[in-house]
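Novice: I would like to see how this sequence folds:
(chains A and B)
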Amino acid sequence: MSNELTLDKPSATPATGEPLLQLSGVKKHFPVMDGLLFKRQVGAVHAVDGIDLDVHANESVGLVGESGCGKSTLGRVVTRLLEPTDGKLTYAGQDITHASRKQLAPIRSEIQMIFQDPYSSLNPRHTVGAIIGAPMEINGINPKGGVQNRVQELLETVGLNPEHYNRFPHEFSGGQRQRIGVARALSLSPKLIVADEPVSALDVSIQAQVVNLLQQLQKDLGIAFLFIAHDLSIVRHFSQRVAVMYLGKIVEIADRKSLYESPRHPYTHALLSAVPEADPDDVRERIRLVGDVPSPINPPTGCRFRTRCWKAQDKCATEEPPLVQLSGNLDGHLTACHFPEDGSTAVPEPRAAKEL
Amino acid sequence: MTNPTKAPEADELGTADTLAPTDAASAPVFRGLSPGKLMWRRFLRDRTGVVSAAIVLLFILIAVCAPLISMIYGKDPGTHYGQEDVTLLTDSGLPTGPNGGISADFWFGVEPGLGRDVFMQLIYGMRTSLFIAFLTSVLTTALGVMIGIAAGYLGGKIDYFIGRVIDILMSFPSQIFLIATMPIVVSLLVASNESQPVWLPFVSVTIVLTLLGWMGLARILRATTLSLREREFIEAAKVTGASPLRIIFKELLPNLWTPILVQSTLALPAFVTAEAGLSYLGVGVGEPTPDWGRMIALAADYLRTDVTFLLFPGLAMVLFVLAFNLLGDSVRDAFDPKTKR
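Specialist: Residues are numbered from 1 along each chain as shown, chains lettered A, B, ... in the order given. This is a model prediction of the structure:
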């Protein structure tokens, strides 16, 4: 695992001090069972396969990648909805890799989550007040002025009418529901929020409102975010640091500016070239990746992207590229590629022939 | 961190996403309509449902007030009027009057043989039926809810085991099984040399019916729980550190009331008929407790001479079961307006 290289790289982040959240070599494999009568494990889905990532206090880290690359699984591992198969998960210096529910109790209030689907993330049988107040009740927190007061305060914080605490989720629109979800996440005054595609289920006009709300909250309350999304422009807007995931691994991680302006990994190039531009004279060449993402049950050897990469050579199949800082890159810009792009321009060059 | 940062962008970008402030101002203590209240409203609009509910309530009221009615009516179900007053029955045991002896004194006629009052038998028989059916419904619902949620929420081996148990129990031919288990349950409850207490037939019939009655609800709840378990609000509860018990009772159960209510209202009339069936076959509630099934069994003996004896218990049962079934349908429609019959 050459990825370990990134472990002791304090320069990888602009913030100082110990990271709030530290992932090293985190893996999550889901067993694949088969067999008649007696089930036995015949393989595993390598959903997350060795991730090293630091999130510092007050920082927003974006996590991008196409569907099925393991972003959401990673988010669920961080909030410990799932237990990592391997690796180490540290929160504020405390190892929570295999902590039980009771051991996690003091940390629960500090790591919260915003969910993707506002229609399924709120219990339809509870009032908004009950939904937002439940985390406080569970953790035995009795805020000054009572729970209801605090709930109304939170509703106001997320831009909803505080009088609506007695309503039920079905009386709200998608954007309002997502705001309720944000208020619930805020109710415990968390230090880290994992936002699992918080806006992808929303209307584009509402997306902006919710993202701006999150940004405002991050600024005002100093909450660190792990922002999972597949929309690159939203991540660019929201996150200071961006990690690109492909098939369970981080292929490139860098500052927002560095990543978007001089991407080095071919996959990042391909992703960025797919971002639509509201410009009729847009002459960028769009890199069209051929084929599907390989199965995470049986990921390719060496570099995982090689099956779809136009630069792939023999070395890519045998040797896995380490996630390292390439020459000519800024501090903290790590790339896992044997044959990186030159990174001089954000606009990808015309695609090299190697049509399949 | 008391920081009421009223998100400014909501105002900048237009208030499309915030409700009109007027409804809040007009009703300061406004409370939204819960899904339950919406169901209730929908139910009240369903005429069949309301009429069925009225009939069912009437039946329950009559059963509950049976002693009162008995007092006003001036007769009780146990007295053998035909033997006290020899003019009521002929020598062969049939009522002397026409139509089963219906008269001003005996509204629904006189029972052939023993000469008891049919009206009283019917009303007290309703008590027996409803008591056993309600008790069985409550027990099967409790059992079905516990087992179904356990199977659905815990999953894995427990789910597999419970699933197979349900399969086996459901593959039994229920009527034969009920007949076969009745004596076993009775002998388990009371030693053969003791005299049988009054509660024994009630308890044994309830136990036997419960034994084979919980599987349907358990299966439905298992399936519903399986789908609810994957919803994000369950994950949200887990992220805040909720215990499994809290998740089951506070998050899952409120969403399961619909299938529970629908299933138990549909199961209750089935228990009424099952109980009557057992009595009809002679393994249910025995003499001297009045019972519909036994009334029908007796009437069947006199079917050729007089149909009146079959008429009253038969009609009462058909009416009750029909009303309760229609009520169950209406409850389901009110809870789930998307399914059209």
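Novice: hey, let's count contacts and neighbours off CA atoms from now on
Specialist: Noted.
Novice: Count the residues that sit near B:E111.
Specialist: Other residues lying near B:E111 total 27 when counted by other CA atoms under 10 Å in any protein chain shown.
Novice: Quick one: the helices in the stretch 101-250 of chain B, in order.
Specialist: Taking DSSP state H, counting those that start in this stretch to define them, one finds helices in the stretch 101-250 of chain B at B:118-154, B:156-171, B:174-189, B:199-211, B:215-229, B:232-239, B:244-246.
Novice: Would you mind giving those as a markdown table with distance to chain A, mean pLDDT and mean neighbour count added?
Specialist: Converted to a markdown table, those look like this (distance: least, CA to the nearest CA, whole Å; pLDDT from 0 to 100; neighbours: other CA atoms under 10 Å in any protein chain shown):
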| stretch | distance to chain A | mean pLDDT | mean neighbour count |
| --- | --- | --- | --- |
| helix B:118-154 | 15 | 90 | 23 |
| helix B:156-171 | 11 | 91 | 14 |
| helix B:174-189 | 29 | 82 | 15 |
| helix B:199-211 | 28 | 85 | 20 |
| helix B:215-229 | 9 | 92 | 21 |
| helix B:232-239 | 4 | 90 | 22 |
| helix B:244-246 | 9 | 90 | 13 |
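Novice: So for A:G62, which of those helices sits nearest?
Specialist: helix B:232-239 (20.4 Å; CA to CA).
Novice: Would you mind saying which of the helices of the stretch 101-250 of chain B lies nearest B:G277?
Specialist: helix B:174-189 (8.6 Å).
Novice: Point out the other helices and strands that the closest one packs with.
Specialist: In terms of contacts (3 or more CA pairs under 8 Å, 6 or more residues apart in numbering or on different chains; DSSP states H and E), helix B:174-189 is packed against helix B:199-211.
Novice: what's the angle from the helix it packs on to helix B:156-171?
Specialist: Angle, helix B:199-211 to helix B:156-171, by axes from the mean of the first three to the mean of the last three CA atoms, to 10 degrees: 120 degrees.
Novice: Now do helix B:199-211: everything it contacts.
Specialist: B:128, B:132-133, B:135-137, B:139-140, B:178, B:181-182, B:185-186, B:189, B:271, B:274-275, B:284-286 (CA atoms under 8 Å, 6 or more residues apart in numbering or on different chains).
Novice: distance from the centroid: which residue in chain A tops it?
Specialist: Residue farthest from the centre of chain A, counting by CA atoms, centre = their mean, is A:L37 at 38.4 Å.
Novice: so where's chain A shaky on pLDDT?
Specialist: Within chain A, the stretches with pLDDT under 70 are A:1-17, A:282, A:343-356.
Novice: Pick out the residue nearest the middle of it.
Specialist: Relative to the mean C-alpha position of chain A, the nearest C-alpha, by CA atoms, centre = their mean, is the one of A:I228, at 2.9 Å.
Novice: so how far is stretch B:181-189 from its chain's centroid?
Specialist: For stretch B:181-189, the distance from its own C-alpha centre to the chain's C-alpha centre is 24 Å (CA atoms, centre = their mean, to the nearest Å).
Novice: What lies in contact with that stretch?
Specialist: Residues from elsewhere that reach stretch B:181-189 (CA under 8 Å, 6+ apart): B:200-201, B:204-205, B:207-208, B:283-284.
Novice: Just the closest of those residues to A:L81, please.
Specialist: Set against A:L81, the nearest of the contacts of stretch B:181-189 by CA to CA is B:I207 (41.7 Å).
Novice: A:D231 contacts A:G62, correct?
Specialist: No: with contacts defined as CA atoms under 8 Å, A:D231 does not count as touching A:G62, sitting 10.2 Å away.
Novice: who has more neighbours, those two?
Specialist: Remark: of A:D231 and A:G62, A:G62 carries more neighbours, 28 against 17, as counted by other CA under 10 Å.
Novice: Would it be right to say that A:V26 lies in a strand?
Specialist: Yes: counting by DSSP: H, G, I helix; E, B strand; the rest coil, A:V26 falls inside a strand.
Novice: and the residue nearest to B:N325 when sequence neighbours are not counted, how many residues sit next to it?
Specialist: Distances taken as CA to CA, 6 or more residues apart in numbering or on different chains put B:L266 closest to B:N325, at 5.7 Å, once the chain neighbours are dropped. By other CA under 10 Å, 21 other residues sit near B:L266.
Novice: And B:L266, which helix or strand is it part of?
Specialist: For B:L266, the host element (DSSP states H and E) is helix B:253-280.
Novice: Next SSE downstream of that helix?
Specialist: Beyond helix B:253-280 on the C-terminal side, the first helix or strand identified by DSSP H and E is helix B:292-301.
Novice: Whichever helix or strand comes after that next one - contacts with which helices or strands?
Specialist: Using DSSP H and E, the helix or strand that follows helix B:292-301 towards the C-terminus is helix B:308-335. Here helix B:308-335 touches helix B:35-44, helix B:47-64, helix B:118-154, helix B:253-280, helix B:292-301, going by 3+ CA pairs under 8 Å, 6+ apart.
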